[in-house]
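S.K.: Please work out how this folds:
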Amino acid sequence: MDSTLSIFVDSDAFVALIKKDDSNHKRAEQIFNALQDKKVTFYTSNYVFAESVTVISQRIGKDIALQFIESLKAKGTLFSTIWVTKEIEEEAIKIFKKQQSKNISLVDCSNMAIIEINKFDGIFSFDQNYKTNKIHLVEEHI
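M.R.: Next up, the predicted model:
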């Protein structure tokens, strides 16, 4: 029996899906389409949402960022938003303190905390730092 996969979506995946000249655009579309053919529940966080809106606005344009907001806030959206709680933030700070790389953000660490706390199957991201932290990248399984 097929079980439903719980996949967390990071901002780089959202940006890659939307920004047609992004270096990961084609791969993001392939991964997203492959995931939609499976039983998947998509999650993101309010931190990732805020980061994505900002990056989309800066790199593509405010109108596209507003469309992104509408699509993630619409009834029936594919993406459930998890709000970063005090517990998640505290765990994210613990993870952040353990990092050796200066390139891992607190948002990345909050993503890892959410994935660990909720025992999600993996993350839709192109950031190899997750792999270093033993978080499964979904592209490895597509």
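S.K.: Name the residues of stretch 68-79 that are buried.
M.R.: Of all the residues in stretch 68-79, those buried under the rule 16 or more other CB atoms under 10 Å are Phe68, Leu72, Phe79. Heads up, the C-betas are built off the backbone N, CA and C, glycines and all.
S.K.: no, scratch that, I was asking about stretch 123-131
M.R.: Going by 16+ other CB under 10 Å, stretch 123-131 has these buried residues: Ile123, Phe124, Ser125, Phe126, Asp127, Asn129, Tyr130.
S.K.: which stretches of the chain form strands?
M.R.: If DSSP state E is used as the criterion, the strands of the chain fall at 5-9, 40-45, 79-82, 122-124.
S.K.: Just name the most buried of those strands.
M.R.: Highest mean neighbour count among the strands of the chain (mean count of other CB atoms under 10 Å): strand 122-124, with a mean of 23.
S.K.: Adding distance to Asn118 and pLDDT, write the buried residues of stretch 68-79 out as a markdown table.
M.R.: Below are these laid out as a markdown table (distance: CB to CB, whole Å; pLDDT from 0 to 100):
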| residue | distance to Asn118 | pLDDT |
| --- | --- | --- |
| Phe68 | 23 | 98 |
| Leu72 | 19 | 96 |
| Phe79 | 14 | 96 |
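S.K.: between these, which is nearest Ile114?
M.R.: Phe79 (13.3 Å; CB to CB).
S.K.: mind checking how far the nearest residue to the closest one once chain neighbours are set aside is from Arg59?
M.R.: Nearest non-adjacent residue to Phe79, counting by CB to CB, 6 or more residues apart in numbering: Phe42, 4.8 Å away. Computed as CB to CB, to the nearest Å, the Phe42 to Arg59 distance reads 22 Å.
S.K.: Equivalent analysis for Ile88, please.
M.R.: Going from Ile88 to Arg59 by CB to CB gives 27 Å.
S.K.: Looking at the two, which one has more neighbours?
M.R.: Counted by other CB atoms under 10 Å, Ile88 and Arg59 do not tie: Ile88 has more neighbours, with 21 against 14.
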